[in-house]
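In: the amino acid sequence is not available; the structure is as follows:
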């Protein structure tokens, strides 16, 4: 802060928009909102014609204020003045220069305001920008907005990209929970549309949900437990179908843990019909004889005997090496996303 005070003294004699912006960012980091806004406004006074960055920072400031007040109050704020102010400054910044950073900020503002379609529009423009460096964050927000507009198929598709292509999204168990909710909601909608008939993709959809569950557990272990329980409470009957699919698959330590975790949660559900279905699944699990997932799938790792080091004799363009426990993820998630891009399927 001594450096900030020194910079402030220098700016009194030699005003500089960049220094004012950085001083504002420093105050915003400390949640000194009025002081931060004062510095941003000073920056605009110094250079008002093309100071898009200061307006963008003001947009972020009012967005952060709203989020901070939401966390403190622990309830939805009915006062949208801060969000409206953030949107106003964001649009001023866009009028001067369109950047993916400002577009992303405006998308977040619209998300909090419940303006889903407008948020989607901002996100599409931002993701198409060559200078966008926050794809991992924007893809997750886009999937959420599509989900809110009841475009479940689109939400699943985008979240699949967010989880598969952007490794940063795999570090947060909340992203896996949201992905599971999108998948289960799509499953529920398709089930209602089928009117009792088995739709063509049911088995594949269930396997896809199972492999997302397994990958989430592999990444986060017990951290995903409470996320999984919340999903079960919202989608009990769909969870029964998922656990039944896991029971029918080859047994492994990971799958057995997920099955036990799911059955335990279902037994505590309020619905008697759900509890009955859980008891039947428990009996089915006990009568099955699970095989340990210790065999190595050599077929997935074999390379043709004709393979040589010369470019002319390569038999394939790509090789995917995986073990038996990763087969479901590769076939249902990886190839579905990466394979279409690289024409691997």
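Out: It's in. Everything numeric in this text was worked out from a predicted model, so none of it was measured. Numbers count the residues shown, from 1 in each chain.
In: now residue 55: closest residue in space that isn't a chain neighbour?
Out: residue 93 (3.8 Å; Cβ to Cβ, 6 or more residues apart in numbering). From N, CA and C alone the C-beta is placed, and that goes for glycine too.
In: quick one, helices of the stretch 51-200 of the chain?
Out: Assigned helices in the stretch 51-200 of the chain, in chain order: 52-73, 81-96, 100-113, 116-127, 135-148, 152-165, 173-194 (criterion: DSSP state H, counting those that start in this stretch).
In: check what contacts the fifth one and list those residues.
Out: Think helix 135-148. By Cβ atoms under 8 Å, 6 or more residues apart in numbering, the surrounding residues in contact with helix 135-148 are 100, 104, 107-108, 111, 114, 116, 119-120, 123-124, 126-127, 132, 152, 154-156, 158-159, 161-162, 165-169, 175, 178-179, 181-182, 185.
In: so which helix or strand of the protein has the lowest pLDDT on average?
Out: Least confident helix or strand of the chain, by mean pLDDT, DSSP states H and E, is helix 340-342 with a mean of 58.
In: any idea how the chain splits into domains?
Out: Taking automatic domain parsing as the criterion, the chain consists of the domains 204-294, 300-305+313-345.
In: mean pLDDT lowest where, among those domains?
Out: Least confidently modelled of the domains of the chain is domain 300-305+313-345, at a mean of 58 by mean pLDDT.
In: and residue 187, how many neighbours does it have?
Out: 24 (other Cβ atoms under 10 Å).
In: what do you get for residue 47?
Out: Residues within reach of residue 47, counting by other Cβ under 10 Å, total 15.
In: I'd assumed residue 17 was in contact with it.
Out: Yes - between residue 47 and residue 17 there is a contact under Cβ atoms under 8 Å: 4.5 Å.
In: what separation do you get for residue 104 and residue 170?
Out: 20 Å (Cβ to Cβ, to the nearest Å).
In: comparing the two, which shows the higher neighbour count?
Out: With neighbours defined as other Cβ under 10 Å, residue 104 and residue 170 compare such that residue 104 has more, 24 against 18.
In: distance of the nearest residue to that one once chain neighbours are set aside from residue 108?
Out: Spatial nearest neighbour of residue 104, chain neighbours left out: residue 126 (5.2 Å); criterion: Cβ to Cβ, 6+ apart. Per Cβ to Cβ, residue 126 is found 11 Å from residue 108.
In: ditto for residue 95
Out: Plainly put, residue 95 is 19 Å away from residue 108 if you go by Cβ to Cβ.
In: which of the two has more neighbours?
Out: Ranked by neighbour count (other Cβ under 10 Å), residue 95 and residue 108 place residue 108 first, with 24 against 10.
In: residues contacting the more buried one?
Out: The contact partners of residue 108, by Cβ under 8 Å, 6+ apart, come to 63, 119, 141.
In: if we go to 10 Å?
Out: Going by Cβ atoms under 10 Å, 6 or more residues apart in numbering, residue 108 touches 59-60, 63, 66-67, 83, 86, 90, 119, 122-123, 137-138, 141.
In: please apply the same query to residue 42.
Out: Residue 42 neighbours (Cβ under 10 Å, 6+ apart): 8, 11, 15, 16, 17, 19, 20, 21, 23, 24, 54.
In: just flag the most distant two among the residues you listed.
Out: For the contacts of residue 42, the maximum inter-member distance is 16.5 Å, found between 8 and 54 (Cβ to Cβ).
In: of the two, who's got more company?
Out: Neighbour comparison, residue 8 and residue 54: the larger count goes to residue 54, with 27 against 14 (by other Cβ under 10 Å).
In: count the residues that sit near residue 130.
Out: Neighbours around residue 130, by other Cβ under 10 Å: 5.
In: and it, its phi and psi?
Out: Main-chain torsions, residue 130, degrees, to the nearest 10: phi -70, psi -20.
In: isn't residue 229 right next to residue 236, touching?
Out: No - checked against Cβ atoms under 10 Å, the pair residue 229 and residue 236 is beyond contact range at 11.1 Å.
In: out of those two, which sits in the more crowded spot?
Out: In terms of neighbours (other Cβ under 10 Å), residue 236 is the more surrounded of residue 229 and residue 236; the figures are 19 against 15.
In: isn't the more buried one up against residue 278?
Out: Yes - at 8.7 Å, residue 236 counts as touching residue 278 under the criterion of Cβ under 10 Å.
In: any idea of the angle the helix or strand where residue 230 lies forms with helix 173-194?
Out: Residue 230 is part of helix 225-234, with elements assigned from DSSP states H and E. Relative orientation of helix 225-234 versus helix 173-194 (axes from the mean of the first three to the mean of the last three Cα atoms, to 10 degrees): 20 degrees.
In: contacts for helix 225-234 next, please.
Out: 173-178, 180-181, 183-185, 188, 213, 216-217, 220, 224, 238-240, 242-243, 257-258, 261-266, 268-270, 274.
In: could you redo the last one with a cut-off of 7 Å?
Out: The contact list for helix 225-234, computed with Cβ atoms under 7 Å, 6 or more residues apart in numbering, reads 173, 174, 176, 177, 180, 181, 184, 239, 261, 262, 265, 266.
In: any of the residues you listed buried? List them.
Out: Among the contacts of helix 225-234, those buried by neighbour count (16 or more other Cβ atoms under 10 Å) are 173, 176, 177, 180, 181, 184, 239, 261, 262, 265, 266.
In: now render those residues as JSON lines, adding distance to residue 206.
Out: Below are the buried ones among the contacts of helix 225-234 laid out as JSON lines (distance: Cβ to Cβ, whole Å):
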{"residue": "173", "distance to residue 206": "22"}
{"residue": "176", "distance to residue 206": "17"}
{"residue": "177", "distance to residue 206": "18"}
{"residue": "180", "distance to residue 206": "12"}
{"residue": "181", "distance to residue 206": "15"}
{"residue": "184", "distance to residue 206": "10"}
{"residue": "239", "distance to residue 206": "11"}
{"residue": "261", "distance to residue 206": "17"}
{"residue": "262", "distance to residue 206": "13"}
{"residue": "265", "distance to residue 206": "18"}
{"residue": "266", "distance to residue 206": "16"}
